[in-house]
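>>> Got a predicted structure here, sequence first:
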Amino acid sequence: MGAAYLKLTGLVKSYDGRTNAVDGIDLDVARGEFVTLLGPSGSGKTTTLMMIAGFEEPTRGSIELDGEDLGRRKPYERNIGVVFQSYALFPHMTVAKNVAFPLRMRRFPAARQASRVREILDLVELGSFADKYPRELSGGQQQRVALARGLVFNPDVLLLDEPLGALDKSLREQMQVELKRIHREVGVTMLYVTHDQTEAMTMSDRIAVFNGGALEQVAPPLEVYHRPRTRFVGEFIGDSNFFSGRRDGERPGLVLLDGIGAHRVARAAWDEIAGSTVDVLIRPERIQLAGEGDEARLPNRVSMKVGVIVNYGDSVLVIGETDGHPLRMRIAGAQPDAIREGATVTVGWGPADAHLIRRD
Amino acid sequence: MAGGVTATAALPRAAARRRARRGAATPWLLVAPSCLVLIVLFLTPIGYVLLLSVTDPNVSLGHYVRIVTVPLYSRVMVNTFLTSLIVTGLCLVLGFPVAYVMARRRGWITTLLVTIVAMSFWTGFLVRTYAWLVILGNKGPVAAAYAALGLGSPPRLLFTSFSSTLGMTHILLPYMILALYAVMKKIDPSYLKAAASLGARPGAAFRSVFLPLSLPGVVNGCLLVFVVCLGFFVTPVLLGTPRDMMISQLINQQIEELLAWGFASAVAVVLLAATGILLTIYNRFAGLDRLWG
């Protein structure tokens, strides 16, 4: 990753002077990067975004853009676009007028305004809607207009506050692809707030996971998924099985899982963790039905009592338990014959399928 | 209605028809009492006034011709419209900032303003008119202030068009503020945030976003104030001067002092027509149902 373009340092926001809505955020964003701020509601991600936009004043800490402190600049003096969850399209202006608004405020010559508006409306594929009013458009179209309006003046950064929250599922997926395409074509630095992990996974260069006003982890999507730094991240993103256990100091590569017993993990992962108590994450899709003869491949095995079976068509989610521990297994493809409600099956996973998280 | 018909499709025909008929009659039954009141107490007298204006003392359009041609009367018409315009303008200028603060700010200042506006809205206008009699009167605080500053006696304030305009503006101001507030309150604050993020300074954001969005409130408020002002009677009588007579004073004078029912009716019809025309124009462009926010 290159030098920081947008740099948040020790950012704190407190509304009442006692509790911090945002509690010491450090985040470097490279030019042209797409970073998602992901977290449950109330975790401080939107407040962080609003401080970057200039609508909220940080209690402490600094925001730098391209080496320049933004602290003293009013929202209208920062060259930062914002796409609001409610879109906030001006209802008394046509699509073209809405999109031309930032250009008008910057006193662009009329001819350049018109050509730039046409160009950006073509980018979001709304060229023929220029003379419509926002209320005449569907939610998805309004969303694109808001995007066009936020991009038309070539902002240094585009902030998006849960922009797909109000759309239905299929439209949301379509817009994710669309947003990714636009990001690629325009190359603008984007900060995207969402509580939807799928959106974060599909679009981001990196994900910044928020929890309780602080950052739990900042990493590319797959790293966040496979190597979460904390138990919270592992549970928040994707489906998960967590076991607590202790590293067996006598036998490298072994972890004693509470209530389950000895468990083999990758040696490198074992060595990496200092300390004794650990959380062990095993993603449900890493667990498979174990049979005779594959002990070498699946040395970790337990017997699973099948509870509920959820069939998605392309995969099957099996929810059950092993020795009182809840266990979730996801099998790709059709439902195997052995999996029936109430049945007990032997399942297993390999050493590399477990991820260790240090517990303090 | 359509839902009701489908739901009853399975019933025997006669029953369905009976029910449909009752369904159609019910709304009329509900509005019948108020319709009756309106017809007896409102439409009948208006019809009578219309009739009087062209039949009393004899059948002719003479009264209307006099209203237009006799300068004394046409001046009353013009004066009424001008006064209403001035009062409306003053209410708008004074009310807009108050409504703006009420709609945009949170906390005690909003509560305080809403309380003050609502209280003056609910205080009878006769009471408030008398209050001006006291304030501007010979023994009132204005005169006392002049005396205390050694400026002698103040210029004549009461019984001038100044005091009557002041009184009417004061009385109608809450209408304007509430009409503006109802619309401004609904303007999503994110519009202004969006404007700021797009590079609009506060002044530009106000001009190009807030002001246009508050225009329906401006139109509503102006219409309310103007229409009420056109027919204002008590305040101009108590605070104003007969020289700057308003339409309703003229009507009163014609009936009380001259027993000229026919002419008074004609003036009343002109007032009614003016109000009707204004409301029709409004209805054409905005829809009357939006007048109350």
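Thanks, I have it.
>>> what's the distance between A:Thr59 and B:Leu178?
From A:Thr59 across to B:Leu178, the span is 38 Å (Cβ to Cβ, to the nearest Å). Using the backbone N, CA and C atoms, a C-beta is placed for each residue, glycine as well.
>>> The two - which one has more neighbours?
Set A:Thr59 next to B:Leu178 and count neighbours by other Cβ atoms under 10 Å in any protein chain shown: B:Leu178 wins out with 22 against 15.
>>> The more buried one sits in which helix or strand?
Per DSSP states H and E: B:Leu178 is located in helix B:161-184.
>>> And B:Tyr146, how close does it get to chain A?
Here B:Tyr146 is placed at a distance of 47 Å from chain A (Cβ to the nearest Cβ, to the nearest Å).
>>> do B:Gly89 as well
With the distance defined as Cβ to the nearest Cβ, B:Gly89 ends up 24 Å from chain A.
>>> For that residue, what is the enclosing helix or strand?
Here B:Gly89 sits within helix B:71-104, counting by DSSP H and E.
>>> what do you get for B:Ile251?
Secondary structure from DSSP H and E places B:Ile251 in helix B:247-256.
>>> Quick one: mean pLDDT for the following helix or strand past that helix?
Next helix or strand after helix B:247-256 toward the C-terminus (DSSP H and E): helix B:261-285. For helix B:261-285, mean pLDDT rounds to 91.
>>> in the helix holding B:Ile251, what's buried?
By neighbour count with 16 or more other Cβ atoms under 10 Å in any protein chain shown, helix B:247-256 contains the buried residues B:Ile247, B:Ser248, B:Gln249, B:Leu250, B:Ile251, B:Gln253, B:Gln254, B:Ile255.
>>> got a list of contacts for stretch B:92-99?
Contact with stretch B:92-99 is made by B:113, B:117, B:169, B:173, B:176-178, B:180-181, B:184, B:217-218, B:221-222, B:225, as judged by Cβ atoms under 8 Å, 6 or more residues apart in numbering or on different chains.
>>> same thing but 6 Å
Contacting residues not belonging to stretch B:92-99 are listed as B:Leu173, B:Met176, B:Ile177, B:Leu180, B:Tyr181, B:Met184 [Cβ atoms under 6 Å, 6 or more residues apart in numbering or on different chains].
>>> Kindly export the helix ranked longest in chain A (C-alpha atoms) in PDB.
Ranked by number of residues, the top helix in chain A under DSSP state H is helix A:169-186. Extracted C-alpha coordinates of helix A:169-186, given in PDB (Å, rounded to 0.1, in the frame of the first residue of the first chain):
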ATOM      1  CA  LYS A 169     -31.900  -7.400  -2.200                       C
ATOM      2  CA  SER A 170     -31.600  -8.000  -5.900                       C
ATOM      3  CA  LEU A 171     -31.200  -4.300  -6.700                       C
ATOM      4  CA  ARG A 172     -28.700  -4.100  -3.900                       C
ATOM      5  CA  GLU A 173     -26.500  -6.800  -5.500                       C
ATOM      6  CA  GLN A 174     -26.900  -5.100  -8.900                       C
ATOM      7  CA  MET A 175     -25.800  -1.800  -7.400                       C
ATOM      8  CA  GLN A 176     -22.800  -3.400  -5.700                       C
ATOM      9  CA  VAL A 177     -21.500  -4.500  -9.100                       C
ATOM     10  CA  GLU A 178     -22.300  -1.100 -10.500                       C
ATOM     11  CA  LEU A 179     -20.500   0.800  -7.700                       C
ATOM     12  CA  LYS A 180     -17.500  -1.400  -8.200                       C
ATOM     13  CA  ARG A 181     -17.500  -0.600 -11.900                       C
ATOM     14  CA  ILE A 182     -17.800   3.100 -11.300                       C
ATOM     15  CA  HIS A 183     -15.000   3.000  -8.800                       C
ATOM     16  CA  ARG A 184     -12.800   1.300 -11.300                       C
ATOM     17  CA  GLU A 185     -13.700   3.800 -14.000                       C
ATOM     18  CA  VAL A 186     -13.400   7.000 -12.000                       C
END
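>>> What's the local residue count around A:Ser124?
Ser isn't right for residue A:124; it's Val. Neighbours around A:Val124, by other Cβ under 10 Å: 21.
>>> repeat for A:Gly333
9.
>>> One more: B:Val37?
Quick note: B:Val37 (other Cβ under 10 Å) scores 10 neighbours.
>>> and the gap between it and B:Leu43?
Distance from B:Val37 to B:Leu43, by Cβ to Cβ: 10 Å.
>>> Ok, A:Val22 next?
65 Å.
>>> In terms of packing, which of the two has more residues around it?
Ranked by neighbour count (other Cβ under 10 Å), A:Val22 and B:Leu43 place A:Val22 first, with 29 against 11.
>>> sec struct for residue 192, please.
Defaulting to chain A. strand (DSSP: H, G, I helix; E, B strand; the rest coil).
>>> contacting residues around it?
By Cβ under 6 Å, 6+ apart, the contact set of A:Tyr192 is A:Thr36, A:Leu160.
>>> Report the beta-bridge partner residues of it.
On the basis of DSSP bridges, A:Tyr192 is bridged to A:Thr36, A:Leu160.
>>> What confidence value was assigned to it?
We have a pLDDT of 97 for A:Tyr192.
>>> what's the distance between it and chain B?
Using Cβ to the nearest Cβ, A:Tyr192 is found at 15 Å from chain B.
>>> how near is that residue to A:Ser240?
23 Å.
>>> A:Phe34 now?
25 Å.
>>> What of A:Ala352?
Counting by Cβ to Cβ, the gap from A:Ala352 to A:Ser240 is 17 Å.
>>> ok, now A:Thr94?
With distances taken as Cβ to Cβ, A:Thr94 is found 48 Å from A:Ser240.
>>> So which residues on chain B come close to chain A?
Residues of chain B lying close to chain A by Cβ under 6 Å from any Cβ of the partner chain are B:Ser190, B:Tyr191, B:Lys193, B:Ala194, B:Ala196, B:Ser197, B:Leu198, B:Gly199, B:Ala200, B:Arg201, B:Val209, B:Pro212.
>>> try 8 Å this time
Within chain B, the positions adjacent to chain A are B:188, B:190-191, B:193-202, B:204-205, B:208-209, B:212-213 by Cβ under 8 Å from any Cβ of the partner chain.
>>> Can you name the residues of chain A that neighbour chain B?
So chain A meets chain B at A:53-55, A:74-76, A:78-82, A:84, A:86, A:88, A:90-92, A:101-102, A:104-106, A:149-150, A:153 (Cβ under 8 Å from any Cβ).
>>> In helices only, show me those.
A:Ala53, A:Phe101, A:Pro102, A:Arg104, A:Met105, A:Arg149, A:Gly150.
>>> And those, which of them are buried?
Buried among those by 16+ other Cβ under 10 Å: A:Ala53, A:Phe101, A:Pro102, A:Arg104, A:Met105, A:Arg149, A:Gly150.
>>> now for the residues you listed, which pair is the farthest apart?
A:Ala53 and A:Arg104 (20.0 Å; Cβ to Cβ).
>>> Could you list the low-confidence segments of chain A?
Along chain A, the model assigns pLDDT under 70 to residues A:1-2.
>>> can I see the domain layout of it?
Chain A breaks down into these structural domains: A:4-231, A:240-358 (assignment by automatic domain parsing).
>>> Most tightly packed of the ones you listed?
Of all the domains of chain A, domain A:4-231 has the most neighbours on average by mean count of other Cβ atoms under 10 Å in any protein chain shown, namely a mean of 19.
>>> on that earlier part again, which of the contacts of stretch B:92-99 lies closest to chain A?
B:Met184 (14.1 Å; Cβ to the nearest Cβ).
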